[in-house]
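Asker: Based on what follows, work out the 3D shape:
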Amino acid sequence: FFFFFAPRFQSGRGRGRGRRRVSCQRARARERASERLPSLHPAMAAPPPLPPPPFPSLAETAFKDEAFLGLSPLSKYNVLEYFSRSPFYAAPGPGQEYVIVEEQEPHLYVIQKRADRKAVAVFFILDGSIFQAPPLAAVLRARCDRFEHNMKKAFKSWREAC
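Answerer: Numbers count the residues shown, from 1 in each chain. Model prediction:
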């Protein structure tokens, strides 16, 4: 163990060779030390870290609280309280708020979640059922796909007619 701290040079040989010899001795000593350590069996090794849980997608979720609706009909005065009981609601942090942006009492209410005055998510309540509006990109993609399908169908029928 002492040779780690005091390099040994052999007399009559150049300094360069002695240094290499010391570094080789250190490497061998490290190898021997690692051989003495018990190796872990793969089954005993620490498991890899778990991936973070996926963000819950509420795009296909609907919520309706019959107990709340049985006590009072929805109005612009209690719709945010009703919305706060849903799984879509998250307690607003600093700079966040929920705002009613559209209302057609008593059937339709549109609620926007804003962060620093920018829309983060949009929800709508239709006849007491709460839904999350799809993102704009998804709506545009669906409309483009529908347009493409209709154009292909029209050209196919045009070719068959000619």
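Asker: Please enumerate the helices of the chain.
Answerer: Per DSSP state H, the chain carries helices over the ranges 15-36, 66-71, 79-84, 136-161.
Asker: Least reliable of the ones you listed by average pLDDT, please.
Answerer: Mean pLDDT is lowest for helix 15-36 among the helices of the chain, at a mean of 57.
Asker: Residue 83 - how many residues pack around it?
Answerer: For residue 83, the neighbour count with other C-beta atoms under 10 Å is 21. Any C-beta I mention is one placed from the backbone N, CA and C, and that applies to glycine too.
Asker: right, and it touches residue 128 too?
Answerer: No - at 11.2 Å, residue 83 does not count as touching residue 128 under the criterion of C-beta atoms under 8 Å.
Asker: what pairs with residue 122 across the strands?
Answerer: residue 112 (DSSP bridges).
Asker: check contacts around it.
Answerer: The contact partners of residue 122, taken as C-beta atoms under 8 Å, 6 or more residues apart in numbering, are 101, 110-113, 132-133.
Asker: How much space separates residue 147 from residue 161?
Answerer: Distance of residue 147 to residue 161, given as C-beta to C-beta, to the nearest Å: 21 Å.
Asker: neighbour count winner among the two?
Answerer: Using other C-beta under 10 Å, the more surrounded residue of residue 147 and residue 161 is residue 147, with 10 against 6.
Asker: how near is that one to residue 156?
Answerer: 15 Å.
Asker: before we move on, what about residue 121?
Answerer: From residue 121 to residue 156 the distance is 39 Å (C-beta to C-beta).
Asker: neighbour count winner among those two?
Answerer: residue 121 (16 against 10).
Asker: ok, now which ones touch the closest residue to the more buried one other than its chain neighbours?
Answerer: In this structure, residue 121 finds its nearest non-sequential neighbour in residue 113, 4.4 Å apart by C-beta to C-beta, 6 or more residues apart in numbering. Residue 113 makes contacts with 92, 96-98, 119-123, as judged by C-beta under 8 Å, 6+ apart.
Asker: Quick check: the farthest pair among those?
Answerer: 92 and 122 (15.2 Å; C-beta to C-beta).
Asker: Now for residue 78, how many residues are close by?
Answerer: 13.
Asker: is it true that it touches residue 65?
Answerer: No - the criterion here is C-beta under 8 Å, and residue 78 misses it with residue 65 at 11.6 Å.
Asker: Burial check on residue 89, number of neighbours?
Answerer: Residue 89 has 17 nearby residues by other C-beta under 10 Å.
Asker: From residue 49, how far out is the closest residue to it other than its chain neighbours?
Answerer: Nearest residue to residue 89, sequence neighbours excluded (C-beta to C-beta, 6+ apart): residue 83, at 5.8 Å. Residue 83 is 36 Å from residue 49, where distance means C-beta to C-beta.
Asker: No further questions, thank you.
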